[in-house]
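Visitor: Got a predicted model here, sequence first, then my questions.
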Amino acid sequence: MDKLLDLWLASGISNISVGQFSMMIIGLGLLYLAIRKNFEPLLLVPIGFGGILANIPEAGLAFSAVENAIHFAKPEVLQQLAVTLGVSGADVHELTHAYHVSNVSTHAAASMVAQDAGYSNGMLYNFYLIAIASGAAPLIIFMGVGAMTDFGPLLANPRTLFLGAAAQFGIFATVLGAVALSSFGILDFSIQDAAAIGIIGGADGPTAIYVASLLAPQLLGAIAVAAYSYMALVPLIQPPIMRALTTAAERKISMSQLRHVSKTEKILFPLLLLILVAMLLPDAAPLLGMFCFGNLMRECGVVDRLSDTAQNALINIVTIFLGLSVGSKLSADKFLDVQTLGILVLGIVAFGIGTACGVIMAKFMNKLQGGNAINPLIGSAGVSAVPMAARVSNKLGLEANPQNFLLMHAMGPNVAGVIGSAVAAGVMIKFVG
Amino acid sequence: MDKLLDLWLASGISNISVGQFSMMIIGLGLLYLAIRKNFEPLLLVPIGFGGILANIPEAGLAFSAVENAIHFAKPEVLQQLAVTLGVSGADVHELTHAYHVSNVSTHAAASMVAQDAGYSNGMLYNFYLIAIASGAAPLIIFMGVGAMTDFGPLLANPRTLFLGAAAQFGIFATVLGAVALSSFGILDFSIQDAAAIGIIGGADGPTAIYVASLLAPQLLGAIAVAAYSYMALVPLIQPPIMRALTTAAERKISMSQLRHVSKTEKILFPLLLLILVAMLLPDAAPLLGMFCFGNLMRECGVVDRLSDTAQNALINIVTIFLGLSVGSKLSADKFLDVQTLGILVLGIVAFGIGTACGVIMAKFMNKLQGGNAINPLIGSAGVSAVPMAARVSNKLGLEANPQNFLLMHAMGPNVAGVIGSAVAAGVMIKFVG
Amino acid sequence: MDKLLDLWLASGISNISVGQFSMMIIGLGLLYLAIRKNFEPLLLVPIGFGGILANIPEAGLAFSAVENAIHFAKPEVLQQLAVTLGVSGADVHELTHAYHVSNVSTHAAASMVAQDAGYSNGMLYNFYLIAIASGAAPLIIFMGVGAMTDFGPLLANPRTLFLGAAAQFGIFATVLGAVALSSFGILDFSIQDAAAIGIIGGADGPTAIYVASLLAPQLLGAIAVAAYSYMALVPLIQPPIMRALTTAAERKISMSQLRHVSKTEKILFPLLLLILVAMLLPDAAPLLGMFCFGNLMRECGVVDRLSDTAQNALINIVTIFLGLSVGSKLSADKFLDVQTLGILVLGIVAFGIGTACGVIMAKFMNKLQGGNAINPLIGSAGVSAVPMAARVSNKLGLEANPQNFLLMHAMGPNVAGVIGSAVAAGVMIKFVG
Amino acid sequence: MDNLFSEGLTLMAFGMGFVFVFLTLLVLVTGTMSRLVTRFVPEPVAKAPKARPRPAAAGSAGNNDELVAVITAAVHKYRK
Amino acid sequence: MDNLFSEGLTLMAFGMGFVFVFLTLLVLVTGTMSRLVTRFVPEPVAKAPKARPRPAAAGSAGNNDELVAVITAAVHKYRK
Amino acid sequence: MDNLFSEGLTLMAFGMGFVFVFLTLLVLVTGTMSRLVTRFVPEPVAKAPKARPRPAAAGSAGNNDELVAVITAAVHKYRK
Ligand code: NA
Ligand code: NA
Ligand code: NA
């Protein structure tokens, strides 16, 4: 009967905490949104499922060997860990804290002690180490996104880059919001946390994950969930703001057809962008370097088999593991915090401000040139969220004027927004990284 | 002339041992079975080829840096290793033993000594570390299998799950057989070894490899070879047992057509299974979690590109390295042992008992309900070996009654068997892991 | 204003060295050759782009954590590194040298110090570690090449293997050239360097990278660039040599049609080759083992899905990272050296000698047999550079005799050259590795 | 009967017991779910057969247009 | 206004400033490039639509022939 | 002639020697194999051209049915 008792004591049902239960419900909720409401399913299905896995009681899938050893709390193992970590006594919380702040060599030594005691890293923890902590997965996805991006509309009308720049104001306004919340003592965000949260406003999943993994890994789960959820909500968030800031006449503006862009221009553009990054902001080099590399593979026309793979097999494989890894950060103790609510509120504010600034910038550019060259509806596409935001611009344009197809015009600021947020990410990493 | 002598002394032909020669023949034999007899070629081609590579004399492809250093036995290197491993004297066997039982930090230190002396891990050893020792490859393959599995027939007739449960008796009967052999002093298996051998009866390659890598890594080669060989032999092993246990009248039973299963049910099933695992048996969470994740990707309909990749590029890549890694365990000193014979005999017994129990369970269920709802031939499909066992059921059904197509009915117990063995694996890991 | 100054001081434009600027130009030059001149674009696009990334000032993408720590030279970090590396004083050059010659455990300790100080490995450095330093990427690519290779023409006329053997003379003549340059004090190459440079003459990218990574990692960038560039130049390098060494009458020789080769022969060939390697030259086992494995997957007809993946998704993924990793070795301090010029000159000499020896061997074989069985133009294909060299043979054959299709005949020596250089690589690794 | 053998017996008893309990629960849960779904989530009737959606992560809108053009051309050819 | 808030303000000022400077430079550089390309690199007119080249690393010439054979067979079958 | 150069010479002699020995053996072994195969393993005549088999690791039987259904539908449409 001992074994029966063992089985019961080790089962999930006798160990589940309220937090774990809540997180499982949240994981199921994310799956519902992804599958039924089509909220960025490519990421939210793996993230939601990973979140459920991470919260299975006693399985420890999202924990390192040391965290698992501390959880099971055998006295002799705790004693050894205390010696290794230089802690007097073997209090579980003290050990956990000492482990998290330990330097690299102590960390490695503690890990060996735990492995000798028979504990091992959880599956999701290993995925996280390899996919995100190494920085590899977001960069490889960004390469694939580069290989999927057509800069033609941007090259035909390069001034739309200004719209992509303006929309990044959402990022920095949110940073300010986060530090304000912190200054007023409402929440407790460091400047690094604030920077990572701001990037949600960039509406760019891989950039947000990359920045969060560098500046605020403990917030990564909430930031990634917010970023992808709001990207999915773009068709709900943006239209009211766009309507409020434009007149019916402005929305009816039809734009002149885009000129043809030659192959050579498309090949040279990623190289020019790369050189500009190299000269001005080396901290953005990994992100924009991989992005430009993917785009060059796409456009150069001589490595189609590599470009195909970057757009399909490779990005799909990496997406699966990136999603599960992000899910590993949805453990109850990290996610169920008032900070997460703060992040969700700040994230939607960031989207809204970015949208508004894009529209206002478009109107300002029309003023400056004294003409009606730009339909302000395409300004909102500057937040990126490719290609959803551009489609929203198109839809509102058609509502105002059924002959007015803005899709291709909006693709310019849309991809400009990707560049803009990567530049903003580089500035953040440079200053607070 | 020195160099000529060197070349000769380092050549395979002057160094090959009887064991290595035998293992190369076995490797060629596996390739023959795979290519000419179509024995699970996707796994047995890489396993057989890996087995040949692992036994190339002097190449050390399946050995770690330390094992290679010990093999080449330079006195000063042995001396350093002896100090690191805490062994007096530099006897080769003593060093090897000390290395294999050393704790993680000593292991790492010995590895550094060997690398400083210019030795490195063999190619297959590295593949093994990354693919199998990390647990990743069997789990990723299981995800792919999940993405290939249609639970429709099971959902249409959930009682077939009982057939999948009954067939797992083969697993536990084999465990008993293995410990009996050990108790009678015929062979020497620990309870861990016995558990790993039993899983062969689960007729599920990745589950067998995953369990063996955790419980009895030294037997992994023999267990994997037995598992895949017997899965290929299902059309020979099962029919006599099935005929012996059924009457012609029973074999003629035709089953009512399966009801239509809705998309929603198919989406909810992997989630229900996951929650049940989470609540009852967290030790099965990695295996069944990845399986359910693959199946959810398949059924949810919104991440088809991820599901396609999980079923094709990703599973193929992982299969190549998993096969080669398993082959690395076919080195003469590990495989050419009377234990291997024991494993082969126990494995086939496991298959036989599993088949029989599945058929008997089906008859028992008919008795219980006082009807003829189930053709007992589909019971044998409960061992899994998807989809071979289901095809065998279908074939014997057609022999008895040319109008009687059992294939879809047999797919129910067939996939139930996959779940059943993964649950059995979780119980093993929980109790003897 | 401090931040503005910071931004400027950390920007590329204020830090770029002449060397880095030159290397960026070279990277752009490689991209030009790849994209406009179609020079082996599958490799030279990633290599060229990786070369640019590696030379972005202050980004440190190609540097390890320790190298980055030394570059930024904070006094307290340098002090700690000096203690770890056992160097008195904290001179930057002395530290760098001590780091590069340190043993594995000291290396690891220094890396931990740098990470604790907040530095990390550059992205390209990590790619290099995983793809090349582990040996994995060239071997996986060789597996894919095996899966793409049809040995039919070789099996139909196995004597063409002698042409593949003769062409390897280019490799060893180049080794002699390199040591001669060293003996005369013109350049400074070790015997390892010389061996790695010689392999350029094998006209086989993955073999050259594999050998260079083992024997002369510091020359890997230059060797890979030379190997792929000259492979692309085969249509320019070979024809003059071929014309000079043959008479018009010889070039008109038409060869008898190749016999049909059965499936069984094609399946047995990679196994025979593997056994021969295992018996005679275990040091070539990783390279030729993976090659034979790929070819067996292709020919055996029962694992087409694995063979497809090895030829497509897998080789493409690995090619991307291999190329970027090679590019990481195009840093100014390693590439901008008179040694690189030496390598470029020796490389083209190797190609020329290999081509000549192949042609001469063909003429010699005709002499020996007193017939005209072999058109000497197919001899040049023995350098490998599959399938370019075979096409060159075909083109010159058609010029001499418009009815004379040599393509299939030249494929025999062409693939024989791949085997020949892998054998030569094994000999090098055996004797000087 | 020595210790190892009794361990084996225990493993067998608990293992088979657990497998049956687990799969029985799964039968119950699945059956309940199916009944609920059948009653409360009616399947959409006569859904138009839709092409496999391949949602791209970014900017692949162009591909569909290409595809449409190619298919249109093909259909025209066959109709002639 | 405490230190953290002033840090946030600085980050905002420098960040937005830098984003605008960078993208303005990109507009200028791109525009210049486009003008130079349009003038000096005329595009080839009426290039024949070519099938996607899939340069294989080695000897995969056979595949195309197979494909052609299969398609030819299929077309013949439909024409009957 | 210094040491390095003589090392180079030795490497050349042994290297080329070994390459030739190895490939000569390969010629002999391959030739023997081909003769044996031609004599003892007659190739099956007139094998029906079969579609590329794509054996799936598990349970993908459904895909073929789908394919068959799609193709049937397509053929029906064209025949009209
Ligand atoms: Na953006
Ligand atoms: Na099973
Ligand atoms: Na060659």
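Guide: Here it is on my side, so go on. Ligands and ions are numbered 1, 2, ... in the order given.
Visitor: can you give me the helices in the stretch 51-200 of chain A?
Guide: Using DSSP state H, counting those that start in this stretch, the helices assigned to the stretch 51-200 of chain A run over residues A:65-72, A:75-85, A:92-101, A:104-116, A:123-128, A:136-148, A:152-156, A:161-166, A:169-183, A:191-198.
Visitor: Packing partners of the longest helix anywhere in chain A?
Guide: Assignment by DSSP state H gives helix A:338-369 as the longest helix of chain A. Helix A:338-369 is packed against helix A:161-166, helix A:169-183, helix A:191-198, helix A:220-245, with contacts defined by 3 or more C-beta pairs under 8 Å, 6 or more residues apart in numbering or on different chains; DSSP states H and E. (Glycine included, C-beta is placed from N, CA and C.)
Visitor: In CSV, list those along with distance to chain B, mean neighbour count and mean pLDDT.
Guide: Putting the helices and strands packed on helix A:338-369 into CSV (distance: least, C-beta to the nearest C-beta, whole Å; neighbours: other C-beta atoms under 10 Å in any protein chain shown; pLDDT from 0 to 100) gives the following:
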stretch, distance to chain B, mean neighbour count, mean pLDDT
helix A:161-166, 27, 28, 94
helix A:169-183, 28, 25, 92
helix A:191-198, 26, 28, 94
helix A:220-245, 11, 22, 92
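Visitor: who wins for proximity to residue C:351 among these?
Guide: Residue C:351 lies closest to helix A:161-166 among the helices and strands packed on helix A:338-369, at 46.6 Å (C-beta to C-beta).
Visitor: can you list the weak-confidence ranges in chain D?
Guide: Low-confidence segments of chain D, defined by pLDDT under 70: D:1, D:44-80.
Visitor: Show me the helices in chain D, by range?
Guide: Taking DSSP H as the criterion, chain D carries its helices at D:3-40, D:61-79.
Visitor: is stretch A:177-190 anywhere near chain E?
Guide: Yes - legend: contact between stretch A:177-190 and chain E by C-beta under 8 Å from any C-beta of the partner chain is shown at A:178-180, A:182-183, A:190.
Visitor: can you list the residues of chain A near chain D?
Guide: A:3-4, A:7, A:41-42, A:141, A:144-145, A:148-150, A:311, A:315, A:319, A:386-387, A:407, A:411, A:414-415, A:418.
Visitor: Could I get the contacting residues of the one residue in chain A that gets nearest to chain E?
Guide: Relative to chain E, the nearest point of chain A is residue A:179 (3.6 Å; C-beta to the nearest C-beta). Going by C-beta atoms under 8 Å, 6 or more residues apart in numbering or on different chains, residue A:179 touches A:189, A:191, A:194, E:4-5, E:7-8.
Visitor: Name the nearest residue to it, ignoring sequence neighbours.
Guide: Counting by C-beta to C-beta, 6 or more residues apart in numbering or on different chains, the nearest residue to residue A:179 once its immediate chain neighbours are dropped is residue E:8, at 3.6 Å.
Visitor: burial of the one you found, as a residue count?
Guide: Neighbour count of residue E:8, defined by other C-beta atoms under 10 Å in any protein chain shown: 28.
Visitor: I'd assumed residue A:178 was in contact with it.
Guide: Yes - counting by C-beta atoms under 8 Å, residue E:8 does reach residue A:178; the two are 7.5 Å apart.
Visitor: Pull up the overlap in contacts between these two.
Guide: Contacts common to residue E:8 and residue A:178, judged by C-beta under 8 Å, 6+ apart, are residue A:194.
Visitor: what about the residue of chain A closest to chain E, distance to ligand 1?
Guide: Separation of residue A:179 from ligand 1 (C-beta to the ion, to the nearest Å) stands at 21 Å.
Visitor: And that residue, how far from chain D?
Guide: Relative to chain D, residue A:179 is positioned 31 Å away (C-beta to the nearest C-beta, to the nearest Å).
Visitor: quick one, phi/psi of whatever residue of the stretch 251-400 of chain A ends up closest to chain F?
Guide: Closest to chain F within the stretch 251-400 of chain A is residue A:313: 16.4 Å, counting by C-beta to the nearest C-beta. Main-chain dihedrals, residue A:313, degrees, to the nearest 10: phi -50, psi -50.
Visitor: Next: the one 10 residues further on.
Guide: Here the main-chain torsion angles of residue A:323 (degrees, to the nearest 10) amount to phi -60, psi -50.
Visitor: by how many degrees do the least confident helix or strand in chain A by mean pLDDT and helix D:3-40 diverge?
Guide: None of the helices or strands of chain A scores lower by mean pLDDT, DSSP states H and E than helix A:2-10, at a mean of 75. Using axes from the mean of the first three to the mean of the last three C-alpha atoms, to 10 degrees, one finds that helix A:2-10 and helix D:3-40 are set 40 degrees apart in direction.
Visitor: packing partners for helix A:2-10?
Guide: If you count contacts as 3+ C-beta pairs under 8 Å, 6+ apart, helix A:2-10 packs onto helix B:407-432, helix D:3-40.
Visitor: Residue A:374 contacts residue A:250, correct?
Guide: No - taking C-beta under 8 Å as the definition, residue A:374 is not a contact partner of residue A:250, at 9.5 Å.
Visitor: more neighbours, those two?
Guide: Counting neighbours by other C-beta under 10 Å for residue A:374 and for residue A:250 shows that residue A:374 has the greater number, 25 against 18.
Visitor: Would you enumerate the residues in contact with the more buried one?
Guide: A:160, A:253, A:255, A:362, A:365-366.
Visitor: run the last query once more with 6 Å
Guide: By C-beta atoms under 6 Å, 6 or more residues apart in numbering or on different chains, residue A:374 lies in contact with A:362, A:365-366.
Visitor: Just the closest residue of chain A to ligand 2, please.
Guide: Going by C-beta to the ion, ligand 2 is nearest to residue A:7 of chain A, at 21.0 Å.
Visitor: what about the host helix or strand of residue A:315, average pLDDT?
Guide: Assigned by DSSP states H and E, residue A:315 belongs to helix A:313-327. Average pLDDT, helix A:313-327: 96.
Visitor: could I get it in CSV with only the CA atoms?
Guide: Only the C-alpha atoms of helix A:313-327 are listed here, as CSV (Å, rounded to 0.1, in the frame of the first residue of the first chain):
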residue,chain,number,x,y,z
ALA,A,313,11.2,24.3,-42.4
LEU,A,314,13.6,26.4,-40.4
ILE,A,315,11.3,29.1,-39.1
ASN,A,316,8.6,26.5,-38.3
ILE,A,317,11.0,24.3,-36.3
VAL,A,318,12.2,27.3,-34.4
THR,A,319,8.7,28.7,-33.8
ILE,A,320,7.7,25.4,-32.2
PHE,A,321,10.5,25.5,-29.7
LEU,A,322,10.3,29.3,-29.2
GLY,A,323,6.7,29.0,-28.3
LEU,A,324,7.1,26.1,-25.9
SER,A,325,10.1,28.0,-24.3
VAL,A,326,8.1,31.2,-23.8
GLY,A,327,5.4,29.0,-22.3
